[in-house]
Structure formats: structure tokens, C-alpha cells
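> Give me a 3D structure for the following:
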Amino acid sequence: MAKKARRQTQHAYASAPALRLIYDTAPIGLAVLSRDCRYVQINQRLTEICGIPVADHIGRSVRETVPQVAEQVERIVAAVLRTGQPVLGVEVNGQRLDGRNTDHVWITHWHPLKGPRGRIVGVNVVAEDVTERKRAEQALARREQELRESEARFRTLADNISQLAWTADHTGWIYWYNKRWHDYTGTTLEEMQGWGWQKVHHPDHVDRVVRRISRSFLTGEPWEDTFPLRGCDGRYRWFLSRALAIRDGDGEVIHWFGTSTDITEQLEAEMALRELNETLESRVEAETRERLQIWNVSQDLLAVVDVAGGILSVNPAWTATLGWPASDLIGKTYEWLLHPDDRERAQAEQRELAGGRKTVRFECRLRHQDGSYRWLSWTAAPDGDRIYAMGRDVTELKHAADDLRQVRRELALASRRTMASAMTASIAHEIKQPLGAIVANASAGLRWLTHTPPVVDEALETFRDIVSDGHRASDVIQSVRDMFDGREQAGEPVDVNALIRDTIAILRSELDAAGIVARLDLAPRLSRVSARRGQVQQVILNLLTNAADAMRAVADRKRVLRVTSETAEAGGIAVSVQDSGIGIAANDASRIFDAFYTTKSHGMGMGLAICKSIVEAHGGRLSVAAPGSEGAIFRFVLPGGRSSEARSGSR
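Presented below is the predicted three-dimensional model:
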């Protein structure tokens with residue numbers, strides 16, 4: 001029956017030359033399949049799908065010619081035969097064995113072919129090559145995807161720029177704002193689209209803004225304006241806004257893109273600058289007048305000098321203080337004014353200033369026009385190739401300090417004499433009775449011995465009494481020494497480094513007046529010792545004062561006072577005081593700590609004896625060494641912690 005249907009179909013097409021002509025010249029692929037999927041007719045266009053000649057199709061089945069799509073074709077033919085309805089829009093790719101047309105696409109339509117009695121005898125196949133259309137569609141899809149991605153990138157960029165941004169159509173109807181616009185204004189797109197943006201404009205400026213931007217929308221010219229916009233907090237800030245037209249290839253406006261930049265701080269700065277400029281001249285004039293007034297009325301000596309020491313400018317106080325007119329000073333260096341003894345120190349200070357270091361306090365003497373010298377205390381600071389200096393006349397202060405030191409020395413001498421007198425009176429009072437007893441017993445002994453006959457036993461007894469009275473006198477003297485032990489004071493933890501610094505501070509003015517440089521080399525993290533603070537400070541003060549006295553007569557070298565602290569054995573501490581003075585003679589060193597022995601013309605010889613007594617009362621030791629022909633080193637050691645405290649408590 002299938003063969004009969006194929007013959008009927010072939011006969012129908014063979015008997016219609018016009019139909020064959022259509023097949024051969026049609027721009028689309030055409031074919032007729034029998035009910036059993038054999039090719040009854042096919043034109044050249046359709047064979048392009050598989051690359052097999054027309055003659056090799058006729059009478060052969062789809063499974064024989066294109067087996068790779070046979071199953072799909074058979075399902076389609078079966079559907080047409082079963083339903084009697086066409087199957088439309090089936091895509092087919094090229095099926096050539098060499099693979100040259102696999103990227104080509106055909107759209108196929110499958111229509112039922114009915115015989116004279118209305119029975120379906122085959123299927124008409126129509127195939128249209130849509131490769132170019134597909135490629136165009138794919139290219140269009142890619143462009144649309146790229147456009148969507150580009151728009152996404154644009155929106156991301158626009159949402160993250162610092163300006164407020166918007167876009168409008170060619171008429172100026174705004175249809176998009178960036179995130180910063182909505183964040184700042186606190187509005188939604190529904191509120192702002194079109195011309196809704198006028199709601200956040202300041203009422204004093206909105207009409208002008210609308211007028212100017214409308215003119216740009218009409219002419220296509222760039223727009224720029226400055227105006228305040230209301231933020232979500234209700235406050236207005238100033239913005240510089242610009243908009244440019246986006247044109248197509250023909251130059252027609254298709255969009256507008258605008259931005260608004262916050263320039264509030266810039267405007268405020270410009271306003272402040274204008275106000276500053278308006279008042280700057282008067283302020284400069286006033287400040288210049290004030291500084292000139294300060295320069296002229298200052299009682300301190302003010303000077304500007306170069307790094308070589310040349311005087312560039314001086315204020316009137318120079319004339320008032322030193323008598324020299326400015327014309328005698330400017331253009332010269334200051335060295336001719338310096339006291340000969342101060343020149344070396346002043347030159348060293350000048351070099352330090354030239355190197356960039358400030359001078360906080362430097363004292364020197366400058367010659368007055370009358371030939372005398374005035375003491376000046378200087379503060380100076382370098383600035384580029386200039387040095388700015390201020391000097392204060394401290395001559396009277398120096399004289400007063402000298403007088404005060406002299407008074408202190410006289411008071412100290414009087415105090416020592418008073419103490420010695422009191423001590424002498426005390427000793428005399430205490431030993432008067434035992435000495436009187438000794439004299440009385442000695443007289444009695446003599447009488448017993450001169451008695452006839454001599455009474456030896458009685459004489460011996462009186463001599464024993466003399467020995468006892470001698471011990472009593474010795475005990476009295478010992479008790480005077482014990483008076484300086486201070487046994488009534490309890491030991492406490494003492495920071496010896498802090499005690500040294502405090503004592504140096506007490507003597508600072510006296511050391512400076514004597515031209516003595518104090519150098520401290522104190523051990524870090526020095527252990528505290530248990531001691532009587534006041535007595536230890538008395539020792540340090542006495543040693544420092546003696547060192548300063550030893551250097552007063554030195555003129556051929558620097559006067560340097562070195563104080564060193566260090567850790568001693570068993571957790572104790574050691575303190576050394578070294579001077580660069582006249583030193584100690586060998587015959588004096590062995591007696592230097594003896595009471596009432598002194599090498600000073602004004603001394604009483606009690607200071608070092610008392611120091612030694614205090615140190616030993618703490619369980620320590622005091623010694624002296626002569627490092628050479630110059631100076632001396634006094635060193636005392638105090639034991640650590642518990643041992644010193646125990647000794648203090650056991651006395």
C-alpha cells in the first residue's frame with residue numbers, strides 16, 4: 001500500500017511540469033516525503049542541508065540519507081499523519097558529513113499532502129535558510145546584553161561618584177537620578193521624575209534655575225548654574241550644576257546628562273578669603289604697628305643677627321642698657337662687646353645656634369659705653385640664615401645673688417661657730433664634774449703618798465677613782481658624738497637618685513654663679529635603700545658643697561662636678577662625688593674625716609666628721625680618693641634593704 005501511495009505521489013508530480021519548474025527555481029528548499037519517510041521529490045536548495053545530490057535522495061528513506069536526523073523526521077511525519085495538521089517552525093542545522101555547514105540554520109515547515117479522496121498520502125516539506133537572520137538576531141542579542149551591562153556599569157559608576165547625577169530625555173524630562181541624589185534629598189524617583197526636582201530647590205532661586213535650564217533644553221546648549229538644594233535634614237547646601245546634551249550620529253539630542261557638585265565649603269572658604277582680603281591690609285598694618293611698638297618699648301634687648309654673628313638690627317633698649325647707639329652696633333659682630341672671659345663660651349653658643357639649636361638660657365657680659373660690663377641673660381632661636389635673640393639685663397640680679405651667697409656663707413660660718421660654741425659649752429659642762437673629781441682624787445693621792453709614813457692603800461684607792469673618772473669623761477665625749485646619730489628617726493625606703501637631683505636643684509644657682517657644670521651619671525633602676533632621708537641628704541649636700549668650694553679658685557680649666565650612682569654589693573648603693581678642684585694633699589687625706597680637722601681657712605673641721613658618723617650609723621662607709629693632681633673623689637656606700645633597717649632599729 002505504501003508503494004502504491006508513493007507511485008501516486010510521484011505520478012502527480014511527474015504529470016505537472018509547472019510544479020517541477022517551481023521546485024527547480026524556488027529560493028527555498030522543497031521536498032515531498034511519502035508516508036514511510038522516503039523522498040518522492042526534492043529540489044537542489046533542500047539538498048544543501050545534507051550535501052547529497054538530488055538523484056541520491058529519490059526513492060531512498062530519510063534513515064538511509066541522513067540517519068543523524070532520521071528519528072526526529074520520523075516523529076514529525078508521524079505527527080502530521082496522525083493529526084492531519086502541519087508542524088511548523090522546526091529548526092534544523094546543516095548535516096553535511098564534512099561539517100562545513102553545521103553553523104547554518106534552516107526553519108522547516110511540514111504540511112500534510114492529500115490525495116484526490118482527501119487521504120494523506122505524504123508530507124510536503126518547506127525549508128528556509130535563516131542563517132543570516134539568526135546571526136543578526138544573535139548579534140542584536142549580544143548588543144542588547146552589552147548595552148544592559150554597560151548601563152549597569154554606568155549606574156554603578158553614577159551611584160558611586162561624589163556628585164548628584166541625573167538623566168533626562170531630549171525634552172528635559174528627568175527619568176533617572178543616582179543614589180546620591182536620593183540619599184541627599186531623601187526623595188523617591190516618583191517624587192522627582194519629570195520636573196519634580198523643583199520641590200528641593202530654594203524658593204529664592206528656583207524660577208531662575210527653571211528659566212535657564214529650559215532655554216538649554218530648547219537650544220541644546222550646555223547648562224551651568226549655582227544654587228542651593230535642600231537636604232533630607234531640611235538644611236540647604238550650595239551646588240554647582242552642569243548638564244550636557246547626548247546626541248546621535250545625526251547630531252540630534254537624544255538624552256541629557258547632568259551633575260550637581262557640593263561647593264558649600266568652597267563658597268564658605270571663598271567668602272572667608274574675601275573677608276580676609278578686605279581686612280588684611282588693615283590687620284597687617286595694625287600688627288606691624290603693634291610689633292614695632294613692642295620692639296621700641298621693650299626693656300629687653302632685641303636683636304637680629306646673621307649666622308656669623310653680624311648684627312643686622314637692634315631695638316632702642318640696647319642704647320638704654322649699654323649706652324651704644326644703633327649706628328655703632330649694626331654691621332659689626334658682637335665679639336668686641338664681650339667680656340674676655342666669656343668669648344669662648346659665646347662663640348660655642350653661636351655655633352650651636354648656627355647649627356639649628358635654640359638657646360634657652362645663656363649668660364654673658366657685654367661692655368657698656370662707659371667701660372663697665374653688664375650681665376645679660378639670652379634666649380635665641382635660629383630661622384634660616386637669621387638668628388633672633390632677646391637679652392635681659394640681670395646685672396642687679398647677679399649682684400644680689402652674689403650678696404645673698406656672701407650672706408649665706410657668713411650665716412653658715414656663724415652657724416658653725418655657734419654650733420661649735422654650743423658643743424664646746426656642752427662638752428665643758430659635761431666633763432667638768434669628772435675632771436674636777438680627777439683633780440680632787442689626784443690631790444688626795446698626793447697627800448696620802450706624802451704622808452709619813454705613806455698610806456699606800458689609800459693612795460691606790462684614789463688612783464682607782466681617777467681611772468674611773470677618766471672613763472666617765474670618755475663616756476661624756478662619746479655621748480656628744482651619739483647626739484649626731486639621730487636615733488629617734490626610723491628608716492624609710494629612699495630613692496637616692498631623686499635625692500641627688502633634689503640636692504643639685506638646691507645648689508643650682510650657687511653652682512651657676514661659680515661657673516660650675518654639674519654632670520649626673522645616675523644608674524637606672526637603682527634600688528631604694530632603707531635610711532634616714534634627711535641625714536643622707538645632709539651627707540650629699542656637704543659633699544657637694546665641699547666639691548664646689550674646692551673649685552672656686554680654679555681658673556685654668558673647666559669647673560666640672562660629677563655625681564655618679566651605682567649598685568653596690570648585696571643590693572646596696574654607692575654614690576661618688578668628683579670635682580676638678582685643687583685636690584687633697586697626701587698628709588691631709590689620712591685625717592680628712594677627723595673631727596675639727598679642716599683644710600679650709602674658714603672651716604671648723606666638723607662637716608666630714610659628721611658625714612662619716614651618719615654613714616657609719618647606717619652601716620655604711622665613707623672614703624676619699626685622689627685620682628691625680630687635680631680634684632678628689634668622695635664615695636659613700638649604704639647597705640641594701642633589711643640590714644640597714646635592722647641596724648637602725650638595734651641602736
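> Can you pull out the low-pLDDT segments for the stretch 301-450 of the chain?
414-437 (pLDDT under 70).
> same thing but at 50, please
422, 426, 429-430, 433 (pLDDT under 50).
> ranges for the strands of it?
Assigned by DSSP state E, counting those that start in this stretch, the stretch 301-450 of the chain shows strands spanning 301-306, 311-314, 359-367, 373-383, 386-393.
> For residue 41, which of those strands is the nearest?
strand 373-383 (109.0 Å; CB to CB). Just so you know, the C-beta spots here come from the backbone N, C-alpha and C atoms, and that holds for glycine as well.
> Once you drop chain neighbours, what's closest to residue 68?
Distances taken as CB to CB, 6 or more residues apart in numbering place residue 95 nearest to residue 68, at 6.0 Å, with adjacent residues excluded.
> ugh, typo on my part, it should be residue 226
residue 240 (5.2 Å).
> what about the one you found, which SS state?
Secondary structure for residue 240, judged by DSSP: H, G, I helix; E, B strand; the rest coil, is strand.
> Quick check: it vs residue 223, distance?
12 Å (CB to CB, to the nearest Å).
> out of the two, which sits in the busier spot?
For residue 240 and residue 223, the more surrounded residue by other CB atoms under 10 Å is residue 223, and the numbers stand at 21 against 16.
> What lies in contact with the host helix or strand of residue 212?
Taking DSSP states H and E as the definition, residue 212 sits inside helix 206-219. By CB atoms under 8 Å, 6 or more residues apart in numbering, the residues outside helix 206-219 that reach it are 168, 171-172, 195, 198, 201, 221-223, 225, 227, 243, 256.
> switch to 7 Å and redo it
171, 172, 198, 201, 222, 223, 225, 227, 243 (CB atoms under 7 Å, 6 or more residues apart in numbering).
> In helices, which of these appear?
Among the contacts of helix 206-219, DSSP state H puts none in helices.
> Can you tell me which of those residues is nearest residue 499?
Out of the contacts of helix 206-219, the member with the shortest distance to residue 499 (by CB to CB) is residue 227, at 74.1 Å.
> Identify the bridge partners of the closest one.
residue 239 (DSSP bridges).
> Read off the pLDDT value for it.
Residue 227 carries a pLDDT value of 93.
> Ok, residue 573 next?
At residue 573, pLDDT is 90.
> just to revisit the earlier point, okay, now the residue nearest to residue 68: neighbour count?
20.
> I figured it was touching residue 72, is that so?
No: the criterion here is CB atoms under 7 Å, and residue 95 misses it with residue 72 at 10.9 Å.
> got any residues that touch both of these two?
By CB under 7 Å, 6+ apart, no residue touches both residue 95 and residue 72.
> re earlier: just how off-centre is the helix holding residue 212 within its chain?
Its chain's C-alpha centre and that of helix 206-219 lie 51 Å apart, by CA atoms, centre = their mean, to the nearest Å.
> can you check stretch 83-93 too?
Per CA atoms, centre = their mean, the centroid offset for stretch 83-93 relative to its chain is 79 Å.
> now swap in stretch 348-361 and tell me
28 Å.
> again, but for stretch 123-143
Per CA atoms, centre = their mean, the centroid offset for stretch 123-143 relative to its chain is 69 Å.
> Output it as PDB, restricted to C-alpha atoms.
In PDB, the C-alpha atoms belonging to stretch 123-143 read as follows (Å, rounded to 0.1, in the frame of the first residue of the first chain):
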ATOM      1  CA  VAL A 123       4.200  15.300   3.600                       C
ATOM      2  CA  ASN A 124       5.300  18.500   1.900                       C
ATOM      3  CA  VAL A 125       8.500  19.900   3.500                       C
ATOM      4  CA  VAL A 126       9.500  23.600   3.100                       C
ATOM      5  CA  ALA A 127      12.900  24.700   4.400                       C
ATOM      6  CA  GLU A 128      14.100  28.300   4.600                       C
ATOM      7  CA  ASP A 129      17.800  29.200   5.200                       C
ATOM      8  CA  VAL A 130      17.700  31.600   8.200                       C
ATOM      9  CA  THR A 131      21.400  31.500   9.000                       C
ATOM     10  CA  GLU A 132      21.900  35.200   8.300                       C
ATOM     11  CA  ARG A 133      18.800  36.100  10.200                       C
ATOM     12  CA  LYS A 134      19.900  34.000  13.100                       C
ATOM     13  CA  ARG A 135      23.300  35.700  13.100                       C
ATOM     14  CA  ALA A 136      21.700  39.100  13.000                       C
ATOM     15  CA  GLU A 137      19.500  38.100  15.900                       C
ATOM     16  CA  GLN A 138      22.400  36.800  17.900                       C
ATOM     17  CA  ALA A 139      24.400  40.000  17.100                       C
ATOM     18  CA  LEU A 140      21.400  42.000  18.200                       C
ATOM     19  CA  ALA A 141      21.100  39.900  21.400                       C
ATOM     20  CA  ARG A 142      24.800  40.400  22.100                       C
ATOM     21  CA  ARG A 143      24.500  44.100  21.600                       C
END
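> And for that stretch, what's in contact with it?
28-33, 46, 49, 77, 80, 92, 104-113.
> Break the protein down into its domains, please.
2-129, 161-262, 298-393, 398-485, 492-650 (automatic domain parsing).
> In JSON lines: these, plus distance to residue 147.
As requested, these are exported to JSON lines (distance: least, CB to CB, whole Å):
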{"stretch": "domain 2-129", "distance to residue 147": "25"}
{"stretch": "domain 161-262", "distance to residue 147": "14"}
{"stretch": "domain 298-393", "distance to residue 147": "63"}
{"stretch": "domain 398-485", "distance to residue 147": "91"}
{"stretch": "domain 492-650", "distance to residue 147": "75"}
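> Confidence-wise, which of those is weakest overall?
domain 398-485 - the lowest mean pLDDT of these, at a mean of 68.
> tell me, how many neighbours does residue 207 end up with?
Neighbours around residue 207, by other CB under 10 Å: 11.
> how near is it to residue 52?
Look at residue 207 and residue 52: by CB to CB, they are 80 Å apart.
> what does residue 108 give?
17 Å.
> So for those two, which sits in the more crowded spot?
residue 108 (21 against 18).
> three-state assignment of that one?
Secondary structure state of residue 108, per three-state DSSP, is strand.
> got a list of what it touches?
Residue 108 touches 90, 92, 125, 126, 127, counting by CB under 7 Å, 6+ apart.
> want to try JSON lines for those residues, with secondary structure and neighbour count as columns?
What follows is those, written out as JSON lines (DSSP: H, G, I helix; E, B strand; the rest coil; neighbours: other CB atoms under 10 Å):
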{"residue": "90", "secondary structure": "strand", "neighbour count": "15"}
{"residue": "92", "secondary structure": "strand", "neighbour count": "18"}
{"residue": "125", "secondary structure": "strand", "neighbour count": "25"}
{"residue": "126", "secondary structure": "strand", "neighbour count": "18"}
{"residue": "127", "secondary structure": "strand", "neighbour count": "21"}
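> Could you dump these into CSV and include distance to residue 551?
Formatted as CSV, these follow (distance: CB to CB, whole Å):
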residue, distance to residue 551
90, 120
92, 119
125, 129
126, 128
127, 124
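> ok, which pair from those is furthest apart?
The two members of those with the most space between them (CB to CB) are 92 and 126, at 11.7 Å.
> Please enumerate the helices of the stretch 301-450 of the chain.
317-322, 343-354, 395-450 (DSSP state H, counting those that start in this stretch).
> ditto for the stretch 151-300 of the chain
Using DSSP H, counting those that start in this stretch, helices in the stretch 151-300 of the chain cover 179-185, 189-192, 206-219, 264-297.
> from those helices, which stretch is densest packed?
Among these, helix 179-185 has the highest mean neighbour count (mean count of other CB atoms under 10 Å), at a mean of 18.
> who touches it?
159, 164, 165, 166, 188, 200, 229, 231, 232.
> I'd like to know which of those residues is nearest to residue 633.
residue 231 (78.5 Å).
> quick one, what contacts the closest one?
184, 185, 237.
> Can I get these in JSON lines including distance to residue 632?
Listed next are the contacts of residue 231 as JSON lines, based on distance: CB to CB, whole Å:
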{"residue": "184", "distance to residue 632": "82"}
{"residue": "185", "distance to residue 632": "87"}
{"residue": "237", "distance to residue 632": "79"}
